[in-house]
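Colleague: Need a 3D model of the sequence below.
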Amino acid sequence: MVSLVQTDVSIWVALIHGLLSFFSPCVLPLIPGFIGIVLGGQKRFQRLAGFFIGFSVIFSLLGGFSSLLGTFLSKYGGILEKVIGISIITLGILYMLEVQIFKGKNANVWKFKNVGFVGGLILGGAIGFVWIPCSSPVLASILLIAAQKSVLKGILLLFVYSLGISIPFLTIGAALSKALTVGFGKPKWEMWVKYIGGAFMIILGLLILLGKMKV
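Modeller: Numbers count the residues shown, from 1 in each chain. Got it, this is the predicted structure:
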């Protein structure tokens, strides 16, 4: 397991993508409320376990589907790699420009405040769907990488991606969200995350396009 983490750069790429999604400006202000629902009230342990599984399953299924689609296109080999590289560069630019690929849907998650494990599963899935439009360029980028992998590896990559979101979300999320969204106007940290994250995706896309990185 240690050798896998050390040698497989795609695991780290997936984790970084998850962290970028956590800092999505349109979701971060909502995190204290989400955490209050997940960790507040009764049956919190059952709800937390259900939430983590439900949240992870949403993205893992997306990873598996992306890999399954990639297997049908694998015969194109080098062409697919070039397309993925160019697409990730484009997504990096869209991330900098704050362009959302998917349109958001309003999800009424407040009714899940005192639910148990099953309700937590549904809650995790609901919050996962809330995250999709906000982090769409980042999510699309990691899905393109998963498309080059086996179905099981694609599921693993998107599970790691969900860890990159859920670990800070369930630990320092509330305090960090309040600290970063205090004050008026658009905070400066959003600009830095936007440009650093976009640059990371553009460089990653260039390396894939030029055949300098296998992820």
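
Colleague: Over to Val160. Which of the three states is it?
Modeller: Of the three states, Val160 takes helix according to DSSP: H, G, I helix; E, B strand; the rest coil.

Colleague: What about it, how many residues nearby?
Modeller: Close neighbours of Val160, defined as other C-beta atoms under 10 Å, add up to 24. To be clear about C-beta, it is placed using only N, CA and C from the backbone, and glycine gets the same treatment.

Colleague: Give me the pLDDT value at the residue lying closest to it once chain neighbours are set aside.
Modeller: When the adjacent residues along the chain are set aside, Val160 lies closest to Ala14, with 4.2 Å between them (C-beta to C-beta, 6 or more residues apart in numbering). At Ala14, the model reports a pLDDT of 91.

Colleague: For Ala14, give its distance to Leu91.
Modeller: Relative to Leu91, Ala14 is positioned 15 Å away (C-beta to C-beta, to the nearest Å).

Colleague: Ok, Leu143 next?
Modeller: In this structure, Leu143 lies at 10 Å from Leu91, with C-beta to C-beta as the measure.

Colleague: Leu158 now?
Modeller: According to C-beta to C-beta, Leu158 stands 16 Å off from Leu91.

Colleague: tell me how far whichever strand or helix holds Ile16 is from the chain's mean position?
Modeller: Assignment of secondary structure by DSSP states H and E places Ile16 within helix 9-22. Mean-position distance between helix 9-22 and its chain equals 7 Å (C-alpha atoms, centre = their mean, to the nearest Å).

Colleague: Give the buried residues for it.
Modeller: By neighbour count on 16 or more other C-beta atoms under 10 Å, the buried set for helix 9-22 is Ser10, Ile11, Val13, Ala14, Leu15, Ile16, His17, Gly18, Leu19, Leu20, Ser21, Phe22.

Colleague: cool, and stretch 33-44?
Modeller: Of the residues in stretch 33-44, those buried under the neighbour-count criterion (16+ other C-beta under 10 Å) are Phe34, Ile35, Ile37, Val38.

Colleague: Check those residues and tell me the two furthest apart.
Modeller: Of all pairs drawn from these, the greatest distance, 7.3 Å, lies between Ile35 and Ile37 (C-beta to C-beta).

Colleague: before we move on, the earlier item: with the buried residues of stretch 33-44 in mind, which one is nearest to Leu207?
Modeller: Where these are concerned, and distances follow C-beta to C-beta, Leu207 has its nearest neighbour in Phe34, at 34.6 Å.

Colleague: And that closest one, how far from Val151?
Modeller: In this structure, Phe34 and Val151 are 30 Å apart, going by C-beta to C-beta.

Colleague: Which helix runs longest in this protein?
Modeller: Selection of the longest helix in the chain by residue count, based on DSSP state H, yields helix 44-73.

Colleague: any idea how far stretch 126-133 is from the chain center?
Modeller: Centroid displacement of stretch 126-133 relative to its chain, using C-alpha atoms, centre = their mean, is 10 Å.
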